Structures are given as C-alpha cells and as structure tokens.
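> Kindly return the folded structure for what I paste below:
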Amino acid sequence: MFNKVLIANRGEIALRIVRACKELGVKTVAIFSEADRNSLHVRMADESYCVGPPQSARSYLNIPNIISAAEVAGVDAIHPGYGFLSERETFAEICASHGFKFIGPPGPAIALMGDKASAKKRMEEAGVPVIPGSGIVESLEDAKAFCRTVGYPVLIKATAGGGGKGMRIVGREADLAAGLETASGEAQAAFGDGRVYVEKLLVHPRHIEVQVLADEFGHTIHVGERDCSVQKPGHQKLLEEAPAPRLPTEVREKLCWAAVRATRAAEYSNAGTLEFLVTDDGNFYFMEMNTRIQVEHPVTEVVYGIDLVRWQIRIAAGERLTVRQEDIKPRGHAIECRINAEDADKGFAPAAGKLGSVLLPGGPGIRVDTHIFSGAEVPPYYDSLLAKIIAYDRNRASAIARMRRALSETEIKGVMTTVPIHERILDSPSFAGANTHVTWLREEVLQPPAA
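Below is the predicted model:
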C-alpha cells in the first residue's frame with residue numbers, strides 16, 4: 001500500500017478521497033488554489049500546497065505546479081478525482097515519468113476511450129452495440145451523405161467531448177452546416193480539439209451506465225448499473241439512481257456483460273464507467289466510457305456495499321481484486337440528488353458568494369458528500385456542485401420518500417440551489433413511475449426561462 005497520496009482536485013471529491021486514504025492508513029496531500037485556501041479538503045489532509053491563482057488553468061490544471069508539490073511532499077501516487085486532469089493521458093504519463101503512480105487506468109486506455117471515434121471502433125470490434133455514426137467529419141458533403149442514409153434527427157458530437165459540450169441536435173439538412181460549425185467551435189474552445197462526428201439521434205432514450213472494476217492482473221467485474229436519465233439541458237446529470245428502475249432482467253444482464261467485454265477490450269484497469277443509451281424496445285448502444293470515478297458513484301456504493309474509491313487506491317497499489325462477480329448483488333435502492341449553486345428557473349445559471357447558515361440532512365439511510373459549511377465561500381471559478389445527498393432504502397418508493405424528507409431538512413443560505421427543482425422532480429408522477437428519459441426534465445418539469 002502507498003505511504004502518501006497527493007489529491008489533484010478540490011471540493012467534495014477531494015474530501016472523499018482524503019477519507020478513503022485515512023481508512024487505508026495512507027497519508028494525504030491536498031493541493032489548493034488561492035480561492036480554496038480555507039476549503040475543507042485542505043483542513044482535513046495531512047499536508048497541503050498552494051498550486052496557483054483561482055483560475056483552473058493556473059492551478060488545478062497546472063501540471064508543473066502539481067508535480068512540484070508531489071515532489072516536495074514525497075508522495076507515492078496521485079489521485080486525480082473527476083474533472084480537471086482525471087482523463088488526460090498526458091497527465092498520467094507525466095506522473096509515471098516522475099515516479100508517481102497515477103490512481104486510474106493506464107495512459108493508452110485513457111487515450112483510446114477518451115477519443116470517441118476510436119472508442120466506438122474498438123467497441124464494434126468487441127461486439128458491443130454502438131449507435132450508427134459517421135466517423136470524423138471530413139467535409140459537409142460527407143456529413144450530408146451520412147445523414148441522408150440514417151435519417152434525421154442527428155446528433156453532432158465532439159470526439160474529445162464530455163459534459164454536454166460540443167454537442168448539437170440537427171433536425172434537418174438545412175441546419176447541418178451551422179450545427180457542425182457551432183459544435184466544432186465549442187469543442188475547440190473546451191477541449192482544444194475541434195473534430196466532430198455525427199450519430200443517429202435516438203428519440204427519448206434512457207441514459208444507463210455500468211460501473212466496472214478491473215485489477216492489473218486481468219480480473220474484471222461489473223458493479224451493476226445506474227440510471228442517469230434526469231439531465232439538465234446540455235446533457236448534464238442532475239439526479240441518479242441505482243439499480244436502474246423498470247429495466248428487464250434480461251436487458252440488465254446483457255448490458256452489464258457488454259460493459260465487462262468493453263472494459264477488457266480496452267485493456268483497462270482501475271474503476272471506470274461505460275455509458276449506454278437504452279431504448280424502450282430493450283436495445284442498448286454504447287455511448288462513451290468515463291475513465292475515472294464518477295460523481296454519482298455513491299449510489300452504487302450503498303446499494304452494492306462496496307467502496308469504489310478505496311478499490312481505486314488498492315488496485316493502483318498493485319492489489320488483486322478480491323470481490324467476485326457472484327458477490328455483486330443489489331440490496332435496496334438509492335437515489336442521489338446533486339445540490340448545485342444554480343437557479344433552475346433561470347436556465348441553471350450558476351451562483352457564487354459566501355454561504356450563510358448550512359444545515360444538511362441526516363437520519364436513517366441518508367449519506368451526504370459535501371465540502372461546504374456555514375460561512376464557506378463558493379468561488380465563481382469552478383463547477384457549481386455543493387453537495388450530493390444520497391437516500392437509501394429497501395425499495396425505490398421508500399427511497400423517494402426518504403429523499404423528500406432529506407430535502408425538506410436541507411438549508412443552504414447565501415446562494416440559490418437546486419433543492420427546489422429536485423423537490424419538483426420527486427413529486428412528478430412520471431418520475432414515480434420511472435418514465436424518464438434524457439430530455440424528460442426539460443420537456444415535463446422545467447418552466448421556460450424568464451425573458
């Protein structure tokens with residue numbers, strides 16, 4: 001096991017990793033920007049180092065400063081969390097070149113699965129169903145020819161994309177050129193890679209993902225699936241649950257084993273997530289692989305009784321995965337609500353400022369992953385996630401009731417939050433019936449933004 005780990009992240013995930021390390025007897029090193037000097041992950045870690053000004057590019061994305069902190073602290077390994085540098089092949093390679101174990105998959109696996117076009121090709125070779133796609137768009141005429149073959153609507157996607165960036169829906173040929181230009185420009189700005197491809201757009205699919213774990217000795221398992229269909233406009237997740245409701249057993253088994261097959265085909269180790277779109281007729285299609293821990297990992301942890309972050313660290317330290325596939329059985333149901341500093345009625349506009357009173361829920365079956373406290377500053381430079389509330393109970397109906405109770409106990413003063421929209425979601429009859437899909441929130445729950 002490692003002696004000391006540097007956590008190249010901030011917020012709730014940095015604190016989550018600190019806690020996992022402490023339970024394993026591993027010392028922790030936090031990094032922070034000038035805006036996060038008083039953050040909870042800094043206070044909880046054994047050591048901490050400032051790596052730059054508030055802007056991400058000058059701090060949490062500043063690889064030379066992060067590596068310098070790791071060298072000064074004398075760490076064995078670096079955990080990237082999610083976001084920031086977690087899916088950068090170059091960062092994993094730089095860590096290795098300086099003698100630090102990257103707590104995540106090998107660099108080549110990150111590169112393969114991070115490029116959507118190459119990932120899709122590898123999945124096809126492995127027999128994993130994929131959505132009909134064009135490959136990298138080389139010209140407008142090529143894109144038109146593909147769209148005429150599969151029919152409209154289509155979805156333009158950035159090959160290096162994620163988080164809904166570099167994506168555009170096109171419903172007719174007249175809008176294709178503008179859609180390609182906009183998506184490519186957005187992708188170039190967000191990822192430094194303007195390449196895009198086109199896929200046949202599935203109407204009202206569900207977004208279901210499968211958690212996988214693989215050690216460095218070839219042992220791979222799945223840890224069930226999560227339904228992430230409740231998404232904000234822009235394809236950003238807002239609420240997740242496990243197991244996926246209203247999913248036939250046969251489809252679930254095929255989906256999970258396709259994820260295992262895909263993981264092996266990518267020569268992957270550590271924790272990862274295979275994301276699929278699932279249609280009402282039971283067909284499913286590979287969408288992408290997230291080569292890191294997911295924001296929504298807690299719902300899997302509480303339902304399957306497994307600590308995914310601890311296993312990330314143990315696998316990176318060279319341990320064999322001792323969990324057997326036959327041991328992976330869901331017990332009960334869990335729902336996670338992402339509490340963001342956002343106003344849902346104003347297009348989920350992010351908020352920043354100093355928090356006043358903060359009261360978070362507790363009681364039976366409630367877990368809260370957060371880094372906030374009364375008086376904490378919410379900087380304008382980073383993701384707006386404040387907390388994740390996870391409700392667990394014996395079945396889905398009970399978990400929904402428990403989450404309603406938890407949200408009613410939640411008080412966060414000083415900024416607008418997504419608590420009210422979550423309450424509206426839970427009160428929706430179609431959510432109670434598990435009749436959600438990737439555009440359900442926008443179509444059935446959200447009010448039009450104020451003019």
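> how about the longest strand seen in the chain: buried residues?
In the chain, taking DSSP state E as the definition, the longest strand is strand 220-232. Applying a neighbour-count criterion of 16 or more other CB atoms under 10 Å, one finds 220-232 buried in strand 220-232. In short, each C-beta sits where N, CA and C put it, glycine included.
> With distance to Pro54 added, can I get the residues you listed in a markdown table?
Rendered in a markdown table, the data for the buried residues of strand 220-232 read as follows (distance: CB to CB, whole Å):
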| residue | distance to Pro54 |
| --- | --- |
| Thr220 | 40 |
| Ile221 | 40 |
| His222 | 39 |
| Val223 | 36 |
| Gly224 | 38 |
| Glu225 | 38 |
| Arg226 | 33 |
| Asp227 | 35 |
| Cys228 | 30 |
| Ser229 | 34 |
| Val230 | 31 |
| Gln231 | 28 |
| Lys232 | 25 |
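> thinking again about what came up before, could you say what helices and strands the longest strand of the chain packs with?
Taking 3 or more CB pairs under 8 Å, 6 or more residues apart in numbering; DSSP states H and E as the contact definition, the neighbouring helices and strands of strand 220-232 are strand 206-214, strand 236-242, helix 249-265, helix 297-304.
> in the first one, what's buried?
Spelled out, that is strand 206-214. Taking 16+ other CB under 10 Å as the neighbour-count basis, strand 206-214 is seen to contain the buried residues 206-214.
> check contacts around Ser428.
For Ser428, the contacting residues are 444-445, taking CB atoms under 8 Å, 6 or more residues apart in numbering as the criterion.
> Direction included, what does the lowest-mean-pLDDT helix or strand in the chain pair up with?
Lowest mean confidence among the helices and strands of the chain (mean pLDDT, DSSP states H and E): strand 154-162, at a mean of 85. Each strand that strand 154-162 pairs with, and the sense of that pairing, follows from DSSP bridges: strand 165-170 (antiparallel), strand 196-200 (antiparallel).
> Output the ones you listed as TSV; include the columns mean neighbour count and mean pLDDT.
Conversion of those to TSV gives the following (neighbours: other CB atoms under 10 Å; pLDDT from 0 to 100):
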stretch	mean neighbour count	mean pLDDT
strand 165-170	20	89
strand 196-200	24	91
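> possible to save the ones you listed as JSON lines with distance to Gly114?
Supplementary listing: the strands paired with strand 154-162 in JSON lines, determined by distance: least, CB to CB, whole Å:
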{"stretch": "strand 165-170", "distance to Gly114": "13"}
{"stretch": "strand 196-200", "distance to Gly114": "14"}
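> Nearest to Ala351 among those strands would be which one?
Using CB to CB as the criterion, the shortest distance between Ala351 and these is 20.7 Å, found for strand 165-170.
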